[in-house]
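Enquirer: fold the following for me, if possible:
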Amino acid sequence: MPGCLEYVWALCRPAFVSGLLPETAWRLASMIPVAPLPPLTSEALRLLGVDASGMRAIRNICANFVRVAPINLLFAGAVERALLVSNWPVETTSARALTTGLFRKQAAHTELGRAEALRQTMLELIDGPGYIEEESGRTMFSYAHPIFWAPFSLVGEGSRKRIGS
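Expert: Predicted structure coming up:
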């Protein structure tokens with residue numbers, strides 16, 4: 001159906017811009033009962049090249065983030081309290097624009113929480129110039145379509161303050 005995505009976006013954009021949509025999604029997700037993931041065995045972690053201190057860090061993180069697969073946490077370096085993840089494969093230039101924009105925003109605005117910084121960066125990507133061809137300097141396509149920004153999720157602490165502090 002032509003125009004369907006544009007129509008849905010026109011309806012959802014105010015809730016997304018206000019922060020209501022992401023907050024509601026997190027609240028609903030927290031109500032869904034999810035069984036804890038089975039722990040990774042020491043033998044499995046050793047096969048992955050993880051040493052004893054890494055094992056302690058991974059187990060600590062897995063205890064806090066049972067909704068995320070432990071193998072994903074393993075690749076995060078086991079030091080951060082939040083992960084920026086992609087829920088499906090994404091186009092490279094928009095992914096680079098979103099991630100670098102997010103890190104710049106977090107560095108420049110330390111008062112922002114991670115979730116708010118991600119939301120603002122997504123809106124900047126949506127409202128921005130899109131993909132600009134280097135040779136001609138022309139905009140080839142816009143990044144406003146959800147395929148460019150919707151795959152990204154923040155897992156873990158989204159607030160500015162650390163949980164429990």
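Enquirer: all helices of this structure, in order?
Expert: Remark: helices assigned in the chain by DSSP state H are 4-18, 20-31, 42-47, 52-64, 70-75, 92-108, 114-127, 146-149.
Enquirer: least reliable of the ones you listed going by mean pLDDT?
Expert: The minimum mean pLDDT among the helices of the chain belongs to helix 70-75 (a mean of 44).
Enquirer: name the nearest residue to residue 88, ignoring sequence neighbours.
Expert: Nearest residue to residue 88, sequence neighbours excluded (Cβ to Cβ, 6 or more residues apart in numbering): residue 151, at 5.2 Å. For every residue, glycine as well, the C-beta is placed using N, CA and C.
Enquirer: doesn't residue 86 make contact with that neighbour?
Expert: Yes: in this structure, residue 151 is within contact of residue 86 by Cβ atoms under 8 Å, at 4.7 Å.
Enquirer: neighbour-wise, which of the two wins?
Expert: Legend: neighbour count by other Cβ atoms under 10 Å for residue 151 and residue 86, higher for residue 151 (17 against 13).
Enquirer: and the gap between the more buried one and residue 116?
Expert: Taking Cβ to Cβ, to the nearest Å as the measure, residue 151 falls 19 Å from residue 116.
Enquirer: same thing with residue 152?
Expert: Distance of residue 152 to residue 116, given as Cβ to Cβ: 14 Å.
Enquirer: just give me the neighbour total for residue 85.
Expert: By other Cβ under 10 Å, 14 other residues sit near residue 85.
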